[in-house]
Structure formats: structure tokens, C-alpha cells
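1. Here is my input, please return the structure:
(one chain, ligands or ions: 1)
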Amino acid sequence: MPKLLRAFLFLIPIAFLLSQTPASDDPFVEKPYLQLGDSPKLAKSESLSLMWHTGIEPADWKVELRTSKGSKWRPAGAPLPQAVLAPGIAPHLVYRARLTGLVPGEEFQYRVLKAGSEMFTASARARKSAAQPQRFILFGDCAEGTPGSRSIAYQVSRANPDFVFIPGDIVYTAGRISEYRDKFYPVYNADSASTETGAPLLRSVPFIAAPGNHDTALANFGRFADSLAYFFYWDEPLNGPVAPAGAAKTAHLLTGNTEAQAVFRTAAGKRYPGMANFSFDYGNAHWLVLDSNPYMDWTNPALREWVDKDLAAARNATWRFVSFHHPGFNSSKSHFTDQWMRVLSPAFEQGKVDIVFAGHVHNYQRSYPFTFSPLPQPDDKLVGPKGEVAGAWKLDKAFGDGAAAKPQGIIYIVSGGGGAGLYNPEQQGDPSTWQPFTYKYIADQHSFSQVEIDGRTLRLKQISETGVELDSFQIAK
Ligand SMILES: [Fe+2]
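-> Below you'll find the model as predicted:
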């Protein structure tokens, strides 16, 4: 064998081994990602929360900011670590640093330093003011490790949104730490953008989420000791209620493995169970985010009062959106009787809500604008044993695709096609199987909702995993 070839063959295994060995200078278990943090209101001086995960050894971390390339770096808030010691998972630290002093809508750069050396840098945009146009993207039921999840992430990165909203079922199948590691961060915080990898979204675009059944309803630590990662991997406003003491149902009860429960409570802190219902403002829109899991009872007067007060306080916002996981109005055979959130429709109408966004059902559905009056079941309760809610709706069939029309009632969107297996595509071509309130039904491909707001005009486009526009409507107030 010629000498050169022999040397080449000898080098191949070394090159292979090197490519398989993690770079020893990578200090991150998960690279930095942006969150809204506990700041529900717009401010003249905006802020965001920057988070990252490392091994358990503390280190000298700092974050710095600058608004343009030539400008001087300035320090952000001190990073604060929280240890996560869930049984069966490598112990790690979750860091949070406040990026403060941001000018609304302005682009900025940040860098994360360890012992004075730059480890990571990215650019992002501060939350926009009420006067600035905005673009957000919404999709639920997403991180299932599918090609669809990665294609959606790629298409979303091409759309360059101001923020991304996930109406629940963030990570399949049980919202565990291990599942975030496998199916969430690698896809939405990938180093490159492609349909094969996902996209570097999380480092530059704040993600905001409502909890779904796969995120928070599985609270048995005997089954999964690394459950409920939502409460320590996300950082969102804490301005909402939990189920009141003495309510017919209570906030979900942790069960099993008391050691894992204690570890969880320490890591989650005040975010459990508080970070399940909250509201926030972005630009000229107000968002009410609700936990629609069955352990919440939205017929409870105290909870209903919070909804009423929150929406009344947002009367000066141009747009009001509500989002939660389980859609009250859904034409799919899957999850058809999960209708319990219908009981809040009168509160949403009174609070002048424009659009309600849900997921849970893995497809896209758009309703006519309508108003809804719930009717009690024979036992006088509003919600039946399977979750069903009877009632009468008044449809605005003249609205169609909008343009200059003003909808009479609320438009209910199901946008659950974010990547998990699609539901009931066989109903797409058979409108006779749709409920009377459904106007569009697209279930044969994954998709996301892209919403552009410019003052009193809103346009929603539903975009497929291949970048094709599937639906579109406009509201002009
Ligand atoms: Fe779900």
C-alpha cells in the first residue's frame, strides 16, 4: 500500500473521534435564549430576560449589551443561577440575566462572557411600543422531534418575527427536561437555519407560551422525575391567579417521588404554579394567557372576575387577544368534547376580544366571527361530564376574508399544526363534518399563523411548512 494512502487511512479514525468529541470549550448545556420575563407592561425603558444552562460548577458569568456595532458595550444585570437537581438528569444551573435599558423596538446585540472571555453573541430586538407596527408568529403542538417541527422553525425564521407565541403542548410527550434537551432547544435554538436543522430563533426572538396538557398536566414525579420543566425553563409574567383555595378543582397536585417534588419546587420558585395564567402587552395589543387544563375551573367566580378585570383594564389597547391550549370551538373529531373554555366566551365578548388563539387539535381552523351564549346542561351545570358546553352562536357570515370589514364577534383560531402528528385530515375536504362556526379547515400539512399589525389594521396569514400561504384575512378597525 502506498505510504500516502496508509497515512490517510490512519487519519480517518482520528478525525472521526475528534468529530464525535464535544468541544471542551463549549460552556453551555443550552445556549442563551430570550424570554419576556416578569414584565407584563410596556415601558419607556424596556427589558428582556436572557437565560442559558450550564453544568453545575458556578463560574464568573457576565452579559453585555450594545445597540450598534461601533457603540460601546455596557453591562446587563448580573446573571443569577438556579440549580436543577432532578433525579436521573445531570445536575445543571439555569442562569437568568435581565437585559435592561432597551429602547422600544430597537435592535441590539448582546454577548455572554465567562471569566472575561466572550462565549456567545447574538442580536435581538426590544419589545415594541404601541406606536410601532409588529409581526408575531403563533403555532402550538410543536416539539415532537419531527421533520415538520424543523420545517416550521425554518419557515418562522424566514418570516423574521418580533416574537413567537406557543399556545401549549410545547414539548412532547410530557414536558420533561430530557425532552426539552432532545426536541426543543436543538430545533428552535439550532446554530443554522434549514429544514433539516430548525433555526437559531430562541437566541434572537423571545418565545412566550401558554401551558398545554403535555406541558403541565403530567405532574406525577413517580413516573417522570424530570417533569414540569415549563416552570423553570421559561420566564414569563407572574401577574395572574392560581385556582383559589377551596375551589371545586385545585391547581394540579404534585404526586409521587417526594424528593423530586422538593427539587422541582426549589427550581421553579414562585413560577410554580403562578406562571400559568398571565397577561402582557406587546405594541398596541393586549394578551390574556390562560391555563385551560382541566385542573382549572373557569366557571369559578373569582377566576372569572380576574378575566373581566384584566380585559377591562386593557380597554385602551387597540387589539385584545386571548390564548390558551384547549379550543372551545373545534370541528375535528379529535378532542371534540374538550369544550370547557366556551364558558368564558361571554367574558371575552364583554372585554372586546378580537381573536382567541388555541392549539391542542393538530391542524388549522378559522371560525366565522361570532358571539356565543352558553346554556346549562340538564343538571344545571355549564360543563357536561365529557367537557361539552351547549349554547347558541350568532355567526357573522358576511365577514369572509375581511379587507375593510369589521367582524361582528370574535374569531376563534386553532393553530395546532406546529409539528406534531396532524389530526383528522380526512375532514378537510368534507365541510359537512365541520361545525357551523368553522369557515376554514386545513389539516393536511403543518402550518403557523403569521400576524402583522399596523395601527388599526391586522392581517393574519396561515403559512405552511413549505412556505405556502394557506389562508389569509384582514381586520380593519
Ligand atoms: Fe394538547
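
2. Can you tell me the element Lys57 falls in?
-> For the record, residue 57 is Glu, not Lys. Under DSSP states H and E, no helix or strand contains Glu57.

3. just use 38 as the starting number from now, easier for me
-> I'll keep to 38 as the first residue from here, and by that count the last item is Glu94.

4. gap between it and the ion?
-> 37 Å (Cβ to the ion, to the nearest Å). Every residue, glycine included, has its C-beta placed from N, CA and C.

5. what's the burial count for that residue?
-> 8 (other Cβ atoms under 10 Å).

6. Over to it: give its phi and psi.
-> Main-chain torsions, Glu94, degrees, to the nearest 10: phi -70, psi 120.

7. any idea how far Tyr209 is from it?
-> 31 Å (Cβ to Cβ, to the nearest Å).

8. how about stretch 373-393: buried residues?
-> 375-386, 388, 390-393 (16 or more other Cβ atoms under 10 Å).

9. Please identify which helix or strand holds the closest residue to the ion within the stretch 88-237 of the chain.
-> Closest residue of the stretch 88-237 of the chain to the ion, Cβ to the ion: Asp206 (4.2 Å). Asp206 belongs to no helix or strand when assigned by DSSP H and E.

10. Is stretch 255-270 positioned near the ion?
-> No - on the criterion Cβ under 5 Å from the ion, stretch 255-270 is out of touch with the ion, staying 11.4 Å away.

11. The chain against the ion: which residues are in contact?
-> Asp206, Gly249, Asn250, His397.

12. Out of those, which is nearest to Ala480?
-> His397 (13.4 Å; Cβ to Cβ).

13. Now for Pro364, how many residues are close by?
-> Neighbours around Pro364, by other Cβ under 10 Å: 29.

14. try the one 5 residues further on
-> Other residues near Ser369 number 25, with proximity taken as other Cβ under 10 Å.

15. Could you do Arg240 as well?
-> 22.

16. Using the three-state scheme, assign the residue lying closest to it once chain neighbours are set aside.
-> Closest residue to Arg240 apart from its sequence neighbours, by Cβ to Cβ, 6 or more residues apart in numbering: Ala159 at 4.2 Å. What DSSP: H, G, I helix; E, B strand; the rest coil gives for Ala159 is strand.

17. Next: Arg218.
-> Three-state call for Arg218 (three-state DSSP): helix.

18. Could I get the phi/psi values of Pro462?
-> Main-chain dihedrals, Pro462, degrees, to the nearest 10: phi -60, psi -20.

19. hey, where'd the helices end up in the stretch 188-337 of the chain?
-> 214-216, 222-225, 250-253, 267-270, 295-305, 308-311 (DSSP state H, counting those that start in this stretch).

20. can you map out the helices along the stretch 38-187 of the chain?
-> Here the stretch 38-187 of the chain has its helices, by DSSP H, counting those that start in this stretch, at 40-57, 184-196.

21. show me the contacts for the residue nearest to Arg240.
-> Ala159 sits next to Pro69, Gln146, Tyr147, Pro237, Arg240, Ser241 when contact means Cβ atoms under 8 Å, 6 or more residues apart in numbering.

22. Specify the beta-bridge partners of the second one.
-> Here Gln146 shows beta-bridge partners Arg103, Ser160, assigned using DSSP bridges.

23. swap in the fourth one?
-> For Pro237, the beta-bridge partners under DSSP bridges are Asn226.

24. which ones are touching it?
-> Ala159, Ser194, Asn226, Ala227, Asp228, Ser229, Ala230.

25. what about the fifth one, neighbour count?
-> Neighbours of Asp228 under the rule other Cβ under 10 Å: 11.

26. Just the closest residue of the protein to the ion, please.
-> For the chain, Cβ to the ion, closest residue to the ion: His397, 3.8 Å.

27. mind checking pLDDT for that residue?
-> The score at His397 is 98. That number is its pLDDT.

28. same check, this time on Ser316
-> 98.

29. sorry, back to before: and the residue nearest to Arg240, how far is that from Asp228?
-> 11 Å.

30. And for Leu73?
-> For Leu73 relative to Asp228 (Cβ to Cβ), the value is 24 Å.

31. same deal with Ala304?
-> 27 Å.

32. With Ser410 instead?
-> In terms of Cβ to Cβ, Ser410 sits 51 Å off from Asp228.

33. can you check Ile450 too?
-> Counting by Cβ to Cβ, the gap from Ile450 to Asp228 is 32 Å.

34. which parts of stretch 452-470 are buried?
-> Ser452, Gly453, Gly454, Gly455, Gly456, Ala457, Leu459, Tyr460, Asn461, Gln464, Gln465.

35. And stretch 481-498, by the same measure?
-> 482-490, 495-498.

36. Pick the one among these closest to Thr470.
-> Nearest to Thr470 among the buried residues of stretch 481-498, with distances taken as Cβ to Cβ, is Gln482, at 18.6 Å.

37. Identify the bridge partners of the closest residue to that closest one other than its chain neighbours.
-> Distances taken as Cβ to Cβ, 6+ apart place Ser501 nearest to Gln482, at 5.0 Å, with adjacent residues excluded. Following DSSP bridges, Ser501 is listed with bridge partners Ser484.

38. Neighbours of Ser501, how many?
-> 20.

39. Ok, the one 5 residues further on next?
-> The tally of other residues near Glu506 (other Cβ under 10 Å) stands at 11.

40. Could you do Lys106 as well?
-> The burial count for Lys106: 7, using other Cβ under 10 Å.

41. Report the contact partners of the closest residue to it other than its chain neighbours.
-> Distances taken as Cβ to Cβ, 6+ apart put Gln146 closest to Lys106, at 7.5 Å, once the chain neighbours are dropped. Each residue near Gln146 by Cβ under 8 Å, 6+ apart is listed here: Leu102, Arg103, Thr104, Ser105, Lys106, Thr158, Ala159, Ser160, Ala161.

42. filter those residues to the buried ones?
-> By 16+ other Cβ under 10 Å, those give Leu102, Thr104, Ala159, Ala161 as buried.

43. Which residues are in contact with Gln414?
-> Val420, Gly421, Glu425, Ala427.

44. gap between it and Glu386?
-> 21 Å.

45. next one: Gly428
-> 12 Å.

46. Now do the strands in the stretch 338-487 of the chain.
-> 356-360, 392-395, 401-404, 407-412, 427-432, 448-452, 475-479, 484-491 (DSSP state E, counting those that start in this stretch).

47. Sounds good, over and out.
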